[in-house]
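S.K.: Pasted the sequence and its predicted model underneath.
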Amino acid sequence: MAKKKTLFECQACGFQSPRWMGKCTSCNAWETMVELSSEQIKFLKETQSTSSSTTAAKALPITQIEEDNITRFGSGSKELDLVLGGGIVPGSLTLIGGSPGVGKSTLLLKIAGNLAKEGKKVLYVSGEESSGQIKLRANRLDANHDNLYLLPEINLGTVLSELNKQRYELIVIDSIQTLYSDETPSAPGSVTQVRTITFELMRIAKSLHIPIFIIGHITKEGSIAGPRVLEHMVDTVLYFEGDTNSELRLLRGFKNRFGATNEVGIFEMNKEGLNDAKSMAGRFFNKEKLQSGSALTVIMEGSRPIIVEVQALVSEAYGHPKRSSTGFDNNRLGMLLALLEKKLDLPLGTYDVFINISGGIKINEPSADLAIIAAILSSYRDRELSAQTLFLGEVSLTGEIREVPSLGQRLKEIETQGFGKAVIPNRPNEDTTVKCFIAGEVSKIIEWL
């Protein structure tokens, strides 16, 4: 009697193993290995044999290849077009992730309404909400147009039959975890289903030249749920950031085959839905007066400079000292505190230190190191800093203050907002009305404070 073949698949990353394991060796997740049925194993073999039996393409010199002329069309949102690299590319497959309630469905329904208003046929497929629920949101977003079609369906076959009936110019899938295919015998949201459906959607996008937007759920760790191959298969991966209690949302690009990934779209949630933020001036700082423990700096979000306020609280510790930061890397905070103790002989080892970035924004670049140190020293000495002075510079482990990129753009933003002074690591190349103080080491900050 032949031995029954077994195959186990990780439901977190899609890793396959002939035996069960408590911990996946690929993604290190526990209790995620699930045994595949004989039908699922048969389907995987058929898929692999079909892909391997296709006609091999002939290799050509790259000099004989004609480049694709990428044409884009606007989405009706300048911020989304900025993140996408200039607009929506026909035939592209875009994945949008984010925490629940951050505004993924709201944004895509707004975009669908904008395109339908321009005369483009848009299909909105929802597996999580009924048509009546989407209609309520559409009333608020002013997205009621005859060219916007709603399809509350979770069966991929029904969606494909609808595509055969009419020619659509944009498709929205909300969400990829709710769809299922009859050809794959597994539950919706499983690794096998997500992988199969994404392959099918990619085939539709490329063959019919239709842009498709996919909404994806996230795990408790903050990454997009499903196999990692999901992010590799799509053309663009966008991720929503922002506190649900705040009105501002950031749309950041992590992958874009048709443009750069250094741009960030900033949106504002209001009663009309998720709209482009009109101005960032004054959103993240208090220009009137700074309290002790506050310092100002300029960060770069994509190609735009934003002035933010860094807040620090240094107090005597009762027991083990605490180090906590909101919007700033906690490990980098520990490094800066160790540097202050080493170079400036400050007894911060017996103090609690808390850091907060005003406005709920996150700082992902080291150019704010000098502002963090200035805020810590201001709180430690209980002295207010000048509300007209901004701090720019990356601090090294040796106490040196290093140069920051895009210094000219940052100084231009400082000048535009009416600030008069800046502490920077090197002399700027461009002429500016801002009075610049050159600081090469951290010890100079103590002298000025």
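M.R.: Here it is on my side, so go on.
S.K.: where's Ile173, which helix or strand?
M.R.: strand 170-174 (DSSP states H and E).
S.K.: Need the single longest strand in this structure, by residues.
M.R.: Looking across the chain with DSSP state E, the single longest strand is strand 304-316.
S.K.: What is the helix or strand that that one is followed by packed up against?
M.R.: Using DSSP H and E, the helix or strand that follows strand 304-316 towards the C-terminus is strand 323-326. With contacts taken as 3 or more C-beta pairs under 8 Å, 6 or more residues apart in numbering; DSSP states H and E, strand 323-326 sits against helix 330-344, strand 351-357. C-beta here means a position set from N, CA and C on the backbone, and glycine is covered the same way.
S.K.: buried ones in strand 323-326?
M.R.: Within strand 323-326, the residues that count as buried by 16 or more other C-beta atoms under 10 Å are Ser325.
S.K.: Could you please name the strands that strand pairs with and the direction of each pair?
M.R.: strand 351-357 (parallel) (DSSP bridges).
S.K.: quick check: mean pLDDT across the strand it pairs with?
M.R.: For strand 351-357, mean pLDDT is 94.
S.K.: circling back to that earlier point, quick one: distance of the strand holding Ile173 to the chain centre.
M.R.: 19 Å (C-alpha atoms, centre = their mean, to the nearest Å).
S.K.: what's the single longest helix in the chain?
M.R.: helix 191-208 (DSSP state H).
S.K.: tilt between that helix and strand 170-174?
M.R.: Computed by axes from the mean of the first three to the mean of the last three C-alpha atoms, to 10 degrees, the angle separating helix 191-208 from strand 170-174 equals 170 degrees.
S.K.: quick one: average confidence on helix 191-208?
M.R.: Mean pLDDT, computed over helix 191-208, is 88.
S.K.: end to end, how far does stretch 124-135 reach?
M.R.: 12 Å (C-alpha to C-alpha, to the nearest Å).
S.K.: list the buried ones in that stretch?
M.R.: Buried residues in stretch 124-135 (16+ other C-beta under 10 Å): 124-127, 129, 134.
S.K.: Name the residues that touch it?
M.R.: Under the contact criterion C-beta atoms under 8 Å, 6 or more residues apart in numbering, stretch 124-135 has outside partners 105, 108-109, 112, 144, 148-154, 159, 171-175, 178-179, 188.
S.K.: Can I get the buried part of those residues as one PyMOL selection?
M.R.: The PyMOL selection below is limited to those of the contacts of stretch 124-135 classed as buried (16+ other C-beta under 10 Å):
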select buried, resi 105+108+109+112+148+149+150+151+152+153+159+171+172+173+174+175+178+179+188
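S.K.: In helices only, show me the contacts of stretch 124-135.
M.R.: Going by DSSP H, the helices hold 105, 108-109, 112, 159 from those.
S.K.: out of those, which one sits closest to Ala260?
M.R.: Leu108 (22.0 Å; C-beta to C-beta).
S.K.: Excluding sequence neighbours, find me the nearest residue to that closest one.
M.R.: Closest residue to Leu108 apart from its sequence neighbours, by C-beta to C-beta, 6 or more residues apart in numbering: Val172 at 4.9 Å.
S.K.: Kindly calculate the angle that the helix or strand containing Gly132 makes with strand 170-174.
M.R.: Using DSSP H and E, Gly132 sits within helix 131-141. For helix 131-141 against strand 170-174, the angle by the same axes, to 10 degrees is 120 degrees.
S.K.: average model confidence for helix 131-141?
M.R.: The model assigns helix 131-141 a mean pLDDT of 91.
S.K.: likewise stretch 302-309?
M.R.: Stretch 302-309 comes out at a mean pLDDT of 88.
S.K.: just to revisit the earlier point, buried residues of the longest helix of the chain, list them for me.
M.R.: 191-198, 200-202, 204-205.
S.K.: So this structure: which segments form each domain?
M.R.: The chain breaks down into these structural domains: 8-44, 78-276, 294-448 (assignment by automatic domain parsing).
S.K.: Can you lay out the ones you listed as TSV showing distance to Glu288?
M.R.: Converted to TSV, those look like this (distance: least, C-beta to C-beta, whole Å):
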stretch	distance to Glu288
domain 8-44	49
domain 78-276	21
domain 294-448	7
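S.K.: Out of these, flag the one nearest Arg283.
M.R.: domain 294-448 (5.8 Å).
S.K.: what's around the nearest residue to Ile266 once chain neighbours are set aside, how many residues?
M.R.: Spatial nearest neighbour of Ile266, excluding adjacent residues (C-beta to C-beta, 6+ apart): Ala277 at 4.3 Å. Here the count is done by other C-beta atoms under 10 Å, and Ala277 has 17 residues near it.
S.K.: Report the contact partners of Ala277.
M.R.: 79, 248, 266-268, 283.
S.K.: Neighbour-wise, give me the winner out of those.
M.R.: Phe267 (25 neighbours).
S.K.: wait, isn't that one in contact with Ser246?
M.R.: No. Applying C-beta atoms under 8 Å as the test, Phe267 and Ser246 come out as separate, 11.2 Å apart.
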